[in-house]
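Asker: generate coordinates for the sequence data below:
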Amino acid sequence: MTPARTLILAEIAPKVPGLSVAVAVDGKLVWSEAFGYADVAQKILATPQTRFRIGSVSKPLTSVGLALLVERGLLDLDAPIQTYIPDFPHKSAPLTLRLLAGHLSGIRNYQGSEAASNKSYPNLRAGLKIFESDPLIAPPGTRFSYASYNWNVIGVAMEAAAKQDFLGYMKTAVFEPLGLANTVPDVAGAVDPQRTEFYETRADGEFVVAPKVNLSFVWPAGGFLSTAEDLVRFGTAVLQPGFLKPESRRLLFLSQKTSAGQLTHYGVGWYVGRIAYHGGDSIGGTSILILDPSSRVVVAILTNRGHLAFGRENGRLKRVKLPDALVFRREKIALEIIRMFAALRPE
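Answerer: Numbering: from 1, shown residues only. Now for the predicted structure:
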């Protein structure tokens, strides 16, 4: 048993119904394995072809679609957002796609139960109504404040620039060219035998089926399903020359700064530093995609358990404190796997 497999079995597998992990080195898939169940009740095992909810790992996918529009001269990252969404409310200072992409806009994040919404929206523009008229939490450019809603706005702007609906554009511009056949929108109610069941956790550690959600308002920020193999294929394409121009790769992986000059350690859709990565948290899913440019190792880990926890009060389920700290360990685990595979590379 390899050390990486031992680590996964010890640190993640006991805490989730099912998971999938994949590793690519120098552009080649060197490990892909699934553990546990895609559906606990039906005893359906997870496989490398099982589609998991990837949450905010959708943002790096969207970032590449955004970079391609910039390459083609169809988007100006520094133009006011009203250039692309004329009826978007004006704020205290101009909002640009660059600020939105770096979480420097001052737009708020989810409030209350918004992230668990089961409401269907006819299009992305309708979803902006949730927050677009709310006051900013900080003047644009002054503070890094992570908010998925930034990427919802970006998605609507991309539609205007591409003259195509967001999902159609991502399919033809990113997914199909890169061979990401298992990366698809998470459509509520769709029949998809490859899609895992989604789970949360009771206070006693037992897995329960997650509440139903509708992600039609949040495709660009957190609405995709994928496999670990697709994600390492995607990460490799972004890491290596070829698919994106060098200036696009610099755009994605160069840390932005506040107006006071403070590094945010977030580029355009990626946390950046010695490595580039993004995690994802969604109802019934936890994920991470991590790229190490120095060793050219790419790791993706996907699970079908989210980070709600439930106890019972008066016979009804109620959210309680999480029984473990899986959400805080995924970066550490992924980095350890990178170190293991980097050590195997020939000098």
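
Asker: for the stretch 51-200 of the chain, which segments count as helices?
Answerer: Ranges of helices within the stretch 51-200 of the chain are 58-71, 97-101, 124-127, 149-162, 166-170, 176-178, based on DSSP state H, counting those that start in this stretch.

Asker: who wins for proximity to Met340 among the ones you listed?
Answerer: When the helices of the stretch 51-200 of the chain are compared by Cβ to Cβ, helix 58-71 sits nearest Met340, at 22.9 Å. Heads up, the C-betas are built off the backbone N, CA and C, glycines and all.

Asker: now the residue positioned nearest the centre of the chain: closest residue in space that isn't a chain neighbour?
Answerer: Note on the chain: the residue nearest the mean C-alpha position is Val57, at 1.5 Å, using Cα atoms, centre = their mean. Leaving aside its chain neighbours, Val57 sits nearest to Gly280 (4.1 Å; criterion: Cβ to Cβ, 6 or more residues apart in numbering).

Asker: what about that neighbour, how many neighbours?
Answerer: Neighbour count for Gly280, taken as other Cβ atoms under 10 Å: 24.

Asker: please apply the same query to the one 5 residues further on.
Answerer: Applying other Cβ under 10 Å, we find 26 residues neighbouring Gly285.

Asker: chain neighbours aside, what residue packs nearest to it?
Answerer: Spatially, and ignoring its direct neighbours in sequence, Gly285 is nearest to Arg53 (3.1 Å; Cβ to Cβ, 6+ apart).

Asker: dump stretch 219-226 to PDB, keeping only the CA atoms.
Answerer: C-alpha atoms of stretch 219-226 as PDB (Å, rounded to 0.1, in the frame of the first residue of the first chain):
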ATOM      1  CA  TRP A 219     -23.100  28.200 -11.700                       C
ATOM      2  CA  PRO A 220     -19.900  30.300 -12.100                       C
ATOM      3  CA  ALA A 221     -19.100  30.300  -8.300                       C
ATOM      4  CA  GLY A 222     -20.000  26.800  -7.200                       C
ATOM      5  CA  GLY A 223     -22.400  25.000  -9.500                       C
ATOM      6  CA  PHE A 224     -20.400  22.300 -11.200                       C
ATOM      7  CA  LEU A 225     -20.100  18.500 -10.800                       C
ATOM      8  CA  SER A 226     -16.800  16.900 -11.800                       C
END
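
Asker: OK, contacts around the closest residue to Leu263 other than its chain neighbours?
Answerer: Spatially, and ignoring its direct neighbours in sequence, Leu263 is nearest to Ser255 (4.8 Å; Cβ to Cβ, 6+ apart). The neighbourhood of Ser255, defined by Cβ atoms under 8 Å, 6 or more residues apart in numbering, consists of Leu263, Thr264, His265, Tyr266, Gly267, Val272, Gly273.

Asker: drop anything exposed from the residues you listed.
Answerer: Buried members of the contacts of Ser255, scored by 16 or more other Cβ atoms under 10 Å, are Thr264, Tyr266, Gly267, Val272.

Asker: surely the first one is in contact with Lys257?
Answerer: Yes. In this structure, Thr264 sits in contact with Lys257. The criterion is Cβ atoms under 8 Å, and the distance is 6.6 Å.

Asker: count the neighbours of His90 for me.
Answerer: Residues lying near His90 (other Cβ under 10 Å) number 10.

Asker: for the chain, what's the longest strand?
Answerer: Looking across the chain with DSSP state E, the single longest strand is strand 28-39.

Asker: the residue nearest to the centre of the chain and Leu231 touch, don't they?
Answerer: Yes. Applying Cβ under 8 Å, one finds Val57 in contact with Leu231, separated by 6.8 Å.

Asker: and for these two, which residues touch both?
Answerer: Ser287, Leu289.

Asker: what helix or strand is Tyr289 on?
Answerer: One thing to correct before we go on: residue 289 is Leu, not Tyr. strand 285-292 (DSSP states H and E).

Asker: contacts for that strand next, please.
Answerer: Counting by Cβ under 8 Å, 6+ apart, 16, 52-55, 57, 60, 198, 231-232, 234-235, 238-239, 274-280, 297-307, 326-327, 330-331, 334-335, 338, 342 sit against strand 285-292.

Asker: just the ones of these in strands?
Answerer: 52-53, 276-280, 297-303, 305-307.

Asker: ok, Lys212 - contacts?
Answerer: Asn118, Ala188.

Asker: mind checking how far it is from Gly205?
Answerer: In this structure, Lys212 lies at 23 Å from Gly205, with Cβ to Cβ, to the nearest Å as the measure.

Asker: mind listing the strands the host helix or strand of Ala22 pairs with, and their directions?
Answerer: Element membership for Ala22 (DSSP H and E) is strand 18-25. Strand pairing for strand 18-25, determined by DSSP bridges: strand 28-39 (antiparallel), strand 297-303 (antiparallel).

Asker: closest to Glu11 out of the ones you listed?
Answerer: Nearest to Glu11, of all those, is strand 297-303, at 10.2 Å by Cβ to Cβ.

Asker: tell me which residues are up against that closest one.
Answerer: 8, 12, 16-25, 52, 54, 226-229, 231-232, 235-236, 239, 285-292, 326, 330, 333-334, 337-338, 341-342, 345.
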